[in-house]
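*Asks:* what's the 3D shape of this:
(one chain, ligands or ions: 1)
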Amino acid sequence: MDLPNPPANPHYARLGGQDAVVRLVDAFYRAMDELPQARDIRAMHEADLGPTRRLLTRYLSEWMGGPRLYTPDRGPPKLRRRHMPFAIDAAARDAWMDCMRLALAQTCADAGLRAELEAAFAKVAEALRNTHAGAAAQVASPGAMSA
Ligand code: HEM
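*Replies:* A predicted model of the protein is given here:
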């Protein structure tokens, strides 16, 4: 018996395709430049956000079920490993989410979709936390990396 194809992740199309992903990512990094609570996470990034903006756009396109623009270029996302050089505590996680929540509010009119995306982003952001509040900034050794 033929199994049906797994349903495609529909978020990309629901958001509005590539232009909408670009708008979301632009709004996200604008928020990172502007929100006072994002100062510390902004400082983790390069002065020129252009290359990072491009990477997040390509990653989110793929993550939301659109064209696979990230993996063929960068390899498997392994986001936890890629974020290990940065000390991400609860405040950093929350600041990242504040930027994303504002960006979604500015670029996604569909409240239901916004809520779904916020919940999904929150799970990823929590999974990337690698430092506990109050602990000294740490750089994990490669042995501590998870896939
Ligand atoms: C939890 C708080 C987070 C902090 C503090 C953070 C910080 C960073 C930093 C500093 C970089 C490096 C940028 C550069 O090299 O210019 C980065 C890269 C990246 N981040 Fe995050 N991030 C967070 C959460 C997330 C989440 C939730 C996602 C995805 C939903 C994400 C996706 C990415 C991607 C795709 C890259 C590029 C990876 C690559 O090099 O290919 N980040 N992040």
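
*Asks:* Run through the residues of the protein sitting next to the ligand.
*Replies:* When proximity is defined as Cβ under 6 Å from any ligand atom, the chain approaches the ligand at 41, 44-46, 52, 55-56, 59, 74, 79, 82-83, 86, 88, 92-93, 96, 121, 124-125, 128. All C-beta spots, glycine's among them, are computed from the backbone N, C-alpha and C.

*Asks:* Quick check: helices, which of those are part of them?
*Replies:* When the residues of the chain next to the ligand are checked against helices (DSSP state H), the matches are 41, 44, 52, 55-56, 59, 74, 79, 82-83, 92-93, 96, 121, 124-125.

*Asks:* before we move on, back to that, could you tell me which of the residues of the chain next to the ligand count as buried?
*Replies:* When burial is judged by neighbour count using 16 or more other Cβ atoms under 10 Å, the buried members of those are 41, 55-56, 59, 83, 88, 92-93, 96, 121, 124-125, 128.

*Asks:* farthest pair in the residues you listed?
*Replies:* 55 and 93 (19.1 Å; Cβ to Cβ).

*Asks:* Could I get the contacting residues of residue 18?
*Replies:* When contacts are counted by Cβ atoms under 8 Å, 6 or more residues apart in numbering, residue 18 is found next to 61, 66, 67.

*Asks:* Please read the previous query as pertaining to residue 61.
*Replies:* With contacts taken as Cβ under 8 Å, 6+ apart, residue 61 has the following neighbours: 12, 18, 21, 67, 68, 69, 70.

*Asks:* For those, pick the one with the most neighbours.
*Replies:* Tallying neighbours with other Cβ atoms under 10 Å puts residue 21 at the head of those, with 26 neighbours.

*Asks:* Assign that residue to helix, strand or coil.
*Replies:* The three-state assignment at residue 21 reads helix, by DSSP: H, G, I helix; E, B strand; the rest coil.

*Asks:* quick one: it and residue 51, what's the gap?
*Replies:* The spacing between residue 21 and residue 51, counted by Cβ to Cβ, to the nearest Å, is 16 Å.

*Asks:* what's the answer for residue 82, then?
*Replies:* Residue 82 is 14 Å from residue 51, where distance means Cβ to Cβ.
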